[in-house]
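[1] Structure for the following, please:
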Amino acid sequence: MQKTNKDIKIGFFGTPEYSVMTLKALRDAGFIISFVVTMPDRPKGRKMILTPSPVKVWALEHNIPVLQPEKLKEEVFQESLKKFNSDVFVVMAYGKIIPDEVLNMPKHKTLNIHPSLLPQFRGPCPIEGAILHDVKNTGVSIIKIDSEMDHGPIVIQKKATLEHWPPQAEVLGKELVQIGSDLLVSILPNWISGKIQEVPQDHAKATYTKLITKEDGLIDLSDDPYQNYLKIQAYHDWPSAFFFKDGKRIKITQARFENGKLIIEKIIPEGKSETTY
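    The predicted structure follows:
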C-alpha cells in the first residue's frame, strides 16, 4: 500500500532562507519533518554576533529537532540520525559534503533539489551561473545524491518560464527553489513507493560553476555593456558588482540595459549611503 504524505518521515539538510522555502512546502503538504541538520551557528555582522541559520530558527519555531555537527563522519552524529528512522533524506542548500554512509542511511536514500537542468551548472552557484552565461532556459533538477558533486541520477526535472530576463539572482533563486519544492512534494509519495525510475545524467555534457568570491564583483565599465549588466544582476545580493573611481569602491545596486547601453541607476559609494548615479 502506498504511503500517504502524513506517513512519510523526512530528514532534512539545509541552511539558508532557500532551504526554509522547501521545509515550508514539505510541512504544508503534511510530510513529517523528523529532524533538520544545518550549519553550526556562525558570527555575523559588524559585531560578529553568533547567529543561527534560518533553518535552525524555523525548526525551533516548529519544535523540530536540530542537529549542527561540525563533522558528519562522527559516529555519535550518525547514530543519532538512525534513531529517527527516516524514510528519505532531503538536501536543499546545506553547505557541507555529506558522506556516503549518511546518504545511504534511509531506505529510500537521499534526494537533492538543484536549481539547474543538470548536468548543466553543477557546483555551488548554479543560479548565478545561469545569469552570467545568459541561459534563459534554465530550470530545476531533483536527483538522488551519490558520492560525486551533483552527479547522481535524475529523478525529475522541470523547466522554468521567466517573464523578465535577466533577473537578479535572488529573484531567480526564489523562483527555482519554489518550483523545486513543489516538484519534490508532488513526486515524493511515488518515489517512496518505487514508482519512479531515476535516469543517469549525461556526464559528458556536464558544466560547472565555481564558488563566487568578493573580487568577482569587479567590473570594467569599458567592457561589453550587456555582460556587465549580467554581472550586476547575478551579483546583486552578494558580492555586489562594483567599480573604482578616484580610488574609491562604488557598489552598483540598480541598473538596466536599454538600447544596447548599460544604465546605472543607483550606487553606494564607499563609506556613504545609497544614492542615484
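
[2] Show me what the helix or strand bottoming out on mean pLDDT in the chain is in contact with.
    Here the helix or strand of the chain ranked lowest by mean pLDDT, DSSP states H and E is strand 42-44, holding a mean of 86. Strand 42-44 is contacted from outside by 49, 50, 51, using CB atoms under 8 Å, 6 or more residues apart in numbering. Where C-beta positions appear, they are placed from N, C-alpha and C, glycine not excepted.

[3] ok, the residues you listed vs residue 163, which is closest?
    Of all those, residue 51 has the smallest distance to residue 163: 34.6 Å, by CB to CB.

[4] Residues in a beta bridge with the closest residue to that closest one other than its chain neighbours, which ones?
    Nearest in space to residue 51, with sequence neighbours left out and distances taken as CB to CB, 6 or more residues apart in numbering, is residue 44 at 4.1 Å. Counting by DSSP bridges, residue 44 forms beta bridges with residue 49.

[5] Just give me the neighbour total for residue 44.
    For residue 44, the neighbour count with other CB atoms under 10 Å is 11.

[6] How about residue 109?
    Residue 109 sits with 17 neighbouring residues when counted by other CB under 10 Å.

[7] now do residue 150
    Neighbours of residue 150 under the rule other CB under 10 Å: 23.

[8] Could you state which residue of the protein sits nearest its centroid?
    When CA atoms, centre = their mean is applied to the chain, the residue found nearest the centroid is residue 93 (4.3 Å).

[9] phi, psi of that one?
    phi 60, psi 60 (degrees, to the nearest 10).

[10] who are the neighbours in contact with it?
    14, 15, 16, 18, 19.

[11] picking up where we left off before, quick one: which of the contacts of strand 42-44 has the most company?
    residue 51 (13 neighbours).

[12] what's the spacing between that one and residue 45?
    From residue 51 across to residue 45, the span is 8 Å (CB to CB, to the nearest Å).

[13] now residue 133
    Distance from residue 133 to residue 45, by CB to CB: 33 Å.

[14] Compare the two (neighbour count), which wins?
    residue 133 (14 against 7).

[15] What distance do you get for the more buried one to residue 93?
    Applying CB to CB to residue 133 and residue 93 gives a distance of 20 Å.

[16] Would you verify that residue 112 is located in a helix?
    No: applying DSSP: H, G, I helix; E, B strand; the rest coil, one finds residue 112 to be strand, outside a helix.

[17] phi, psi of the closest residue to it other than its chain neighbours?
    Nearest non-adjacent residue to residue 112, counting by CB to CB, 6+ apart: residue 91, 4.4 Å away. Dihedral angles of residue 91 (phi, psi; degrees, to the nearest 10) stand at phi -120, psi 130.

[18] which residues does residue 91 contact?
    Going by CB under 8 Å, 6+ apart, the list of residues near residue 91 reads 12, 13, 14, 98, 110, 111, 112, 113, 145.

[19] Report pLDDT for it.
    You'll see residue 91 listed with a pLDDT of 98.

[20] how about the CA coordinates for the longest helix anywhere in the chain, as PDB?
    Assignment by DSSP state H gives helix 169-192 as the longest helix of the chain. Output of helix 169-192 as PDB, limited to C-alpha atoms (Å, rounded to 0.1, in the frame of the first residue of the first chain):
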ATOM      1  CA  ALA A 169      20.000  36.300  -8.600                       C
ATOM      2  CA  GLU A 170      17.700  36.300  -5.600                       C
ATOM      3  CA  VAL A 171      14.600  36.600  -7.800                       C
ATOM      4  CA  LEU A 172      15.700  33.700 -10.000                       C
ATOM      5  CA  GLY A 173      16.700  31.700  -6.900                       C
ATOM      6  CA  LYS A 174      13.300  32.100  -5.200                       C
ATOM      7  CA  GLU A 175      11.600  31.100  -8.500                       C
ATOM      8  CA  LEU A 176      13.700  28.000  -9.000                       C
ATOM      9  CA  VAL A 177      13.500  26.900  -5.300                       C
ATOM     10  CA  GLN A 178       9.700  27.200  -5.300                       C
ATOM     11  CA  ILE A 179       9.500  25.200  -8.500                       C
ATOM     12  CA  GLY A 180      11.800  22.600  -7.000                       C
ATOM     13  CA  SER A 181      10.000  22.400  -3.700                       C
ATOM     14  CA  ASP A 182       6.600  22.000  -5.300                       C
ATOM     15  CA  LEU A 183       8.000  19.300  -7.600                       C
ATOM     16  CA  LEU A 184       9.500  17.400  -4.700                       C
ATOM     17  CA  VAL A 185       6.200  17.500  -2.800                       C
ATOM     18  CA  SER A 186       4.400  16.100  -5.900                       C
ATOM     19  CA  ILE A 187       6.800  13.200  -6.500                       C
ATOM     20  CA  LEU A 188       7.800  12.100  -3.000                       C
ATOM     21  CA  PRO A 189       5.000   9.500  -2.500                       C
ATOM     22  CA  ASN A 190       5.700   7.900  -5.800                       C
ATOM     23  CA  TRP A 191       9.400   7.900  -5.100                       C
ATOM     24  CA  ILE A 192       8.800   6.200  -1.700                       C
END
